[in-house]
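K.L.:
Build the 3D model from these lines:
(one chain, ligands or ions: 1)
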Amino acid sequence: MRISPLLKTATVVVASSLPLAVMIGCNSSSPSNPPLTDAGPTDAGGDGTTTTLYQRLGGHAGIRMAVDKIVAAELMDTKIASFFFNQVASPVPAGHPTVDQLSECFTDLLASVAGGTETYPTTVTDEAGTFMCRDMATIHQPLGISGGTFDTFIMIAATELQTLGVASADITTIGTVLEGTRSAIVSSSVADAGEQAYDAGHE
Ligand code: HEM
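P.N.:
Numbers count the residues shown, from 1 in each chain. The predicted structure follows:
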């Protein structure tokens, strides 16, 4: 999908801003792919009209705008930002996405599960060229991401969606999709600081 700068000026359909929903985990059928299930049309407004999550988020442009906000917020966290060493290199090494390409891949992933016609993986294009988005395990396993870092990533994303006014139920749905990628993304061999067992007998 061609990346348009116009997408950045789009607005999200704003629903009521409710307390942050609890994220519910779900099982992935494959370790390398999230459980991609279409959220399906819902009468979210209770007015008899059904909309898809895709429509409520403002379609591709609205999702891209939300992704841009999420990515910007993630990069404000120094721990998370440290994983994006390829993206701060100039030029970005071959085989790795620019932030723009990464954001468009993320947009197509979310759009494909929210009821849009987008597919994932797909090829995205920006001024740096084309990039073929990859599956979750291929991208993330070499990075050594811990469960705690993954939790932080999810909470930042959820907070940004709440700030944008996305409805609580929709944040839960998106959170479920993101949470479903955990096993593909987190490296089980990477422990979070402070989680090592305390050895009382050690001098
Ligand atoms: C919550 C679930 C997550 C989803 C759905 C997700 C999705 C994506 C997508 C779609 C891409 C771009 C496609 C590609 O590179 O082929 C990407 C790249 C990337 N993600 Fe994630 N991500 C998630 C969590 C994380 C976390 C927790 C981190 C680290 C803290 C992270 C770090 C990265 C990095 C560094 C890249 C670029 C990799 C490279 O340069 O090759 N992601 N992610």
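K.L.:
What are the contacting residues of the helix or strand hosting residue 113?
P.N.:
If you go by DSSP states H and E, residue 113 is part of helix 99-114. In this structure, residues lying in contact with helix 99-114 by Cβ atoms under 8 Å, 6 or more residues apart in numbering are 1, 3, 34, 36-39, 52-54, 57, 59-60, 63-64, 67-68, 70-71, 84, 87, 97, 118-122, 124, 126-128, 131, 133, 174, 177. For glycine as for every other residue, the C-beta is placed from the backbone atoms N, C-alpha and C.
K.L.:
same thing but 6 Å
P.N.:
Taking Cβ atoms under 6 Å, 6 or more residues apart in numbering as the criterion, the residues outside helix 99-114 that touch it are 3, 36, 39, 53-54, 60, 63-64, 67-68, 71, 87, 118-120, 122, 124, 126, 131, 133, 177.
K.L.:
That one and the ligand, are they touching?
P.N.:
Yes: in terms of Cβ under 6 Å from any ligand atom, part of helix 99-114 sits within range of the ligand, namely 102, 105-106, 109.
K.L.:
can you redo these as a markdown table with distance to residue 168, pLDDT and neighbour count?
P.N.:
Below are the residues of helix 99-114 next to the ligand laid out as a markdown table (distance: Cβ to Cβ, whole Å; pLDDT from 0 to 100; neighbours: other Cβ atoms under 10 Å):
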| residue | distance to residue 168 | pLDDT | neighbour count |
| --- | --- | --- | --- |
| 102 | 27 | 98 | 21 |
| 105 | 27 | 98 | 23 |
| 106 | 22 | 98 | 22 |
| 109 | 22 | 98 | 24 |
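K.L.:
among these, which two are most distant?
P.N.:
With distances taken as Cβ to Cβ, the most widely separated pair in the residues of helix 99-114 next to the ligand is 102 and 109, at 10.6 Å.
K.L.:
picking up where we left off before, and whichever helix or strand comes after the helix holding residue 113, what does it pack onto?
P.N.:
Moving toward the C-terminus from helix 99-114, the next helix or strand (DSSP H and E) is strand 123-126. Under the contact criterion of 3 or more Cβ pairs under 6 Å, 6 or more residues apart in numbering; DSSP states H and E, the helices and strands touching strand 123-126 comprise helix 99-114, strand 129-132.
K.L.:
and the chain, which residues reach the ligand?
P.N.:
Counting by Cβ under 6 Å from any ligand atom, the residues of the chain close to the ligand are 80, 83-84, 86, 96-97, 102, 105-106, 109, 133-134, 139-140, 143, 145, 149-150, 153-154, 178, 181, 185.
K.L.:
Buried among these? Need that as a selection in PyMOL.
P.N.:
PyMOL command restricting the residues of the chain next to the ligand to the buried ones, with burial defined by 16 or more other Cβ atoms under 10 Å:
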select buried, resi 80+83+84+96+97+102+105+106+109+133+134+139+140+143+145+149+150+153+154+178+181+185
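K.L.:
All set, thanks.
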